[in-house]
Structures are given as structure tokens and as C-alpha cells.
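Asker: below are the sequence and a predicted model; questions follow.
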Amino acid sequence: MKNSLTPEEKKQFFEQGFIGPIKVYEPEEAKNILKQIRIKGADHSKMLHKNTLNYDRHFDIEELTNHICREEIVERLASIMGDDINLWRVEMFPKYPGSKGTEWHQVQDYSYATGKPQLIPTATEEGIPFDLTVWTTFTDATKENGCLKMMPGSHNKMFFDEKKNISTGREEAYTAVESDTSFYGYNFSDFKVDSNWEPDESKAAVLEMKPGECVIFSARCMHASFPNTSERSTRFAVACRYVQGQVQVYPNTSTFRAHGADFDLKDWGCVKVSGTDTYGHNKFRTKNNLGQPFPVLSYSS
Ligand SMILES: O=C(O)CCC(=O)C(=O)O
């Protein structure tokens, strides 16, 4: 595979918990894609989840249908997690001038959102991440407009416990759009194992990136972002979340409420971006809501 990580890059990923920036698009192409995401994103007629959070717009925005399957992304993921890969969620992360930074956090099975795990691995290999996030910026991401920062090596120890029984963010009354927290209704400091502990900012890697670049990370690797202190520069990123085929996604769940919004999973399904399903754990979608097939890669072990 022409986009496989080199042995040095793989070593770096396993030591740090992330690898990047990596070029997925030329800056001009990324800017054109963003324009389409903005135009098509405003049309909610074919959106999967009827709420304001904009999750999973790969089902109705063609550019995202294609983005999740980009070989520059999937082939690199395969170098880390093997070639049986399912995309299960896409999230948009706009950061407008004046927005707060995202607090430091670590995530393992996404139970922070509802109190129930959204991912259950069934055959994990020691040391291999069962889920990976690919965070791609479609604008410049700078310290001033809120780029990501990662804490190298923190994926080896959990400083946050997302099983804690918190209330903020899970409250019925919360609306993500009006939320005054920095992560759509959740205060990640609520999940700290030791409430007096503070991360050592001096050890953080600051990921300034150009439009079209991505970073691949394990959500267990502590990550955060700067506030957007610029006058008029919006930072816009898309986070795509992938799991190994062995992982049950949204186990025994048909609806859930998170970030103050309701999600109905009736028409949701994973997209198999690489490999062949041998587990039968998950339902799959092969076409988006516009009837366009996901351009999946045909690798399989
Ligand atoms: O974009 C951000 O500010 C935060 C992104 C993030 O936390 C994630 O993708 O998991």
C-alpha cells in the first residue's frame, strides 16, 4: 500500500499515541471541499440525525462520503490497526473566533457521553488500539485560531475516567449550541481520576496544521485545543472515528441522548472502509442517503 506508515512513523505512533501532521489534500483542494461542506451542510433534508450536532454528515455530504474512504487515510490506519476497519462516526469541529479551547481529555469507549459504552471490543490485541480518530483540518489550524495539542505518551495511562457518574452534559435540559462548556455540554475536568491533578502543558505537542492535513490519534492519548483568540479566522476540522472490525459499536442501543441532542440509530450503520466483515457485530451502510456508494478500498487480509 503506497500510503502505509514507514517503520519509523509506526514506532512514533506507538510511542506518542498519535502521528501527524499528514497531508491528505492539497490546500486548495481542502478549501474547495470546505466550501462544499458549508453549502451542503446547510441543507438538512437528507441528514441522518435530525439534530443540531452535525454528526455523521458523510451520509448526506458527498465530499465527506469520499473523505472517510481516502486511501491517504485508510492505508495509514491499516498500518496501525490492521486492514479490517469500520468507520462509525464523523464529527465536525468548527472553532469560531472567540470560542473556548477544548479541555484536555482522554476517551476509551465513549461512555463519557451517555454513561454506557458506545464501543465494546471483543478481541483486542495487547498494545494495538481498537479505535482511531483522524482529525483533518480544512482551514489553517494555528495556535491563535485553536489548533489541537496532544500529550505524547499519555495513551499508556488513563488520567480521566469516563465511567464517572457526572451530570453536566447528560442533563435533559442541556443544549449543545448554547452550552457554556468547551465540549458541547461536557466538562472533562469532571472525569479526572484525581481532581487535583493538572496536565503538564510544557510537555504538550502543539499541532499547527495546513488546510488538508490530518493527525491520526488514539482517543486514549490526551488531547485538547487552544481557544480561538483570532479576530476573524475560523478553524474548521472534521474528526472521523474508525474501529477494528472486532468492535461492537453502539451495542444494544437504538437511540441515545448526548450533548443535549437525540440520536436515532434506525438508519445508521458502520461503513466498512477496508477489509471484509467476519464478526457480524454491526450493521453496515454501503450507500449514503443520496444513493451514492461509499468508495471503499478492497484490501482484505
Ligand atoms: O477539535 C477540537 O477542538 C477537539 C477535537 C476532539 O476532541 C476530538 O476530535 O476528539
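Answerer: Structure received.

Asker: tell me how far the ends of stretch 8-25 are from each other?
Answerer: 23 Å (C-alpha to C-alpha, to the nearest Å).

Asker: what's in contact with it?
Answerer: Contact partners of stretch 8-25, identified using C-beta atoms under 8 Å, 6 or more residues apart in numbering, comprise 5, 30, 33, 70, 72-73, 76, 79-80, 127, 136, 150, 152-156, 205, 207, 209-218, 220-221, 223. Every C-beta, even on glycine, is put in place using the N, C-alpha and C of the backbone.

Asker: out of those, who's near the ligand?
Answerer: Counting by C-beta under 6 Å from any ligand atom, residue 223 from the contacts of stretch 8-25 sit close to the ligand.

Asker: what about burial for the contacts of stretch 8-25, which qualify?
Answerer: Neighbour counting with 16 or more other C-beta atoms under 10 Å marks 5, 30, 33, 70, 72-73, 76, 79-80, 136, 150, 154-155, 207, 209-218, 220-221, 223 as buried within those.

Asker: inside strands: which ones of these?
Answerer: Of these, the ones assigned to strands by DSSP state E are 136, 150, 207, 213-217, 223.

Asker: mind listing what the closest residue to residue 204 other than its chain neighbours touches?
Answerer: Nearest non-adjacent residue to residue 204, counting by C-beta to C-beta, 6 or more residues apart in numbering: residue 149, 4.4 Å away. By C-beta under 8 Å, 6+ apart, the residues touching residue 149 are 204-207, 223-226.

Asker: distance of residue 149 from the ligand?
Answerer: To the ligand, residue 149 is 9 Å away according to C-beta to the nearest ligand atom, to the nearest Å.

Asker: what does residue 150 give?
Answerer: 10 Å.

Asker: residue 161 too?
Answerer: Going from residue 161 to the ligand by C-beta to the nearest ligand atom gives 17 Å.

Asker: cool, residue 239 as well?
Answerer: Distance of residue 239 to the ligand, given as C-beta to the nearest ligand atom: 4 Å.

Asker: I figured that residue hits residue 90, correct?
Answerer: Yes - using C-beta atoms under 8 Å, residue 239 is in contact with residue 90, at 7.2 Å.

Asker: compare those two and say which is more crowded by neighbours.
Answerer: residue 90 (22 against 18; other C-beta atoms under 10 Å).

Asker: what about the helix or strand containing that one, near the ligand?
Answerer: Using DSSP states H and E, residue 90 sits within strand 85-95. Yes - using C-beta under 6 Å from any ligand atom, strand 85-95 reaches the ligand at residue 93.

Asker: where in the stretch 1-150 of the chain is pLDDT low?
Answerer: Along the stretch 1-150 of the chain, the model assigns pLDDT under 70 to no residue.

Asker: now do the helices in it.
Answerer: Listed in chain order, the helices found in the stretch 1-150 of the chain under DSSP state H, counting those that start in this stretch are 7-16, 27-41, 62-67, 71-81.

Asker: so how many other residues sit close to residue 196?
Answerer: As a burial measure, residue 196 scores 5 neighbours (other C-beta under 10 Å).

Asker: likewise residue 285?
Answerer: By other C-beta under 10 Å, 19 other residues sit near residue 285.

Asker: show me the contacts for it.
Answerer: Counted by C-beta under 8 Å, 6+ apart, residue 285 has contacts 59, 267-271, 294.
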